[in-house]
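Peer 1: Structure for this input, please:
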Amino acid sequence: MKIELDIADKDANKIQSYSEDSFKVKNNIYASNIVISRDTLIDNWVSEGFKGFATQHLDQIIQWQPEIIILGTGETIASPDPEMTAYVNTHQIGFEIMHTGAACRSYNVLIDEGRHVVACLFLSSD
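Peer 2: Numbers count the residues shown, from 1 in each chain. As a prediction, the model looks like this:
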């Protein structure tokens, strides 16, 4: 699905499009899970997929001090371990879980609003 962008901040990492097997950011195609913020993008993130997502992955993201973390779990919504939600909440960070398409759209909207958001985006719930 192509996402229409209002390019207010041309330097910000914005998701131009996504499909079940890739993301497009700044005209680069990433055929792997990614973690993305306004200034940082890490590809090949949690190569085991959503089922390999663990608290230690959150530790890296929490160090970035986001106000919200969006978790895109693949084509369907999958719930992480409840301990992860509690862990993020102890750091007073918002934690939203949705399918990856909705996560991409939400991430772009929050970036446009100037919010400090990090999105963890999985291509598959597997």
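
Peer 1: just so I have it, where are all the strands in this protein?
Peer 2: With strands called from DSSP state E, the chain shows them at 15-19, 22-25, 28-30, 34-36, 41-43, 68-72, 94-98, 117-121.

Peer 1: a markdown table for these, including mean neighbour count, mean pLDDT and distance to Met84?
Peer 2: (Each C-beta comes from the backbone N, C-alpha and C, glycine too.) Listed next are the strands of the chain as a markdown table, based on neighbours: other Cβ atoms under 10 Å; pLDDT from 0 to 100; distance: least, Cβ to Cβ, whole Å:
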| stretch | mean neighbour count | mean pLDDT | distance to Met84 |
| --- | --- | --- | --- |
| strand 15-19 | 18 | 95 | 23 |
| strand 22-25 | 18 | 97 | 22 |
| strand 28-30 | 14 | 97 | 23 |
| strand 34-36 | 23 | 97 | 15 |
| strand 41-43 | 17 | 96 | 18 |
| strand 68-72 | 24 | 97 | 9 |
| strand 94-98 | 16 | 95 | 8 |
| strand 117-121 | 25 | 98 | 11 |
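
Peer 1: Quick check: Ser17 vs Tyr30, distance?
Peer 2: Distance, Ser17 to Tyr30, by Cβ to Cβ, to the nearest Å: 11 Å.

Peer 1: Now the common contact residues for the two.
Peer 2: By the contact definition Cβ atoms under 8 Å, 6 or more residues apart in numbering, Ser17 and Tyr30 are jointly contacted by 23-24.

Peer 1: Spell out, range by range, the helices that occur in the chain.
Peer 2: Assigned by DSSP state H, the chain shows helices spanning 55-62, 82-90, 100-112.

Peer 1: Name the stretch among the ones you listed that sits most buried.
Peer 2: Comparing the helices of the chain by mean neighbour count (mean count of other Cβ atoms under 10 Å), helix 100-112 comes out on top with a mean of 20.

Peer 1: For this structure, give me the ranges with low pLDDT.
Peer 2: Along the chain, segments meeting pLDDT under 70 span 1-9, 125-126.
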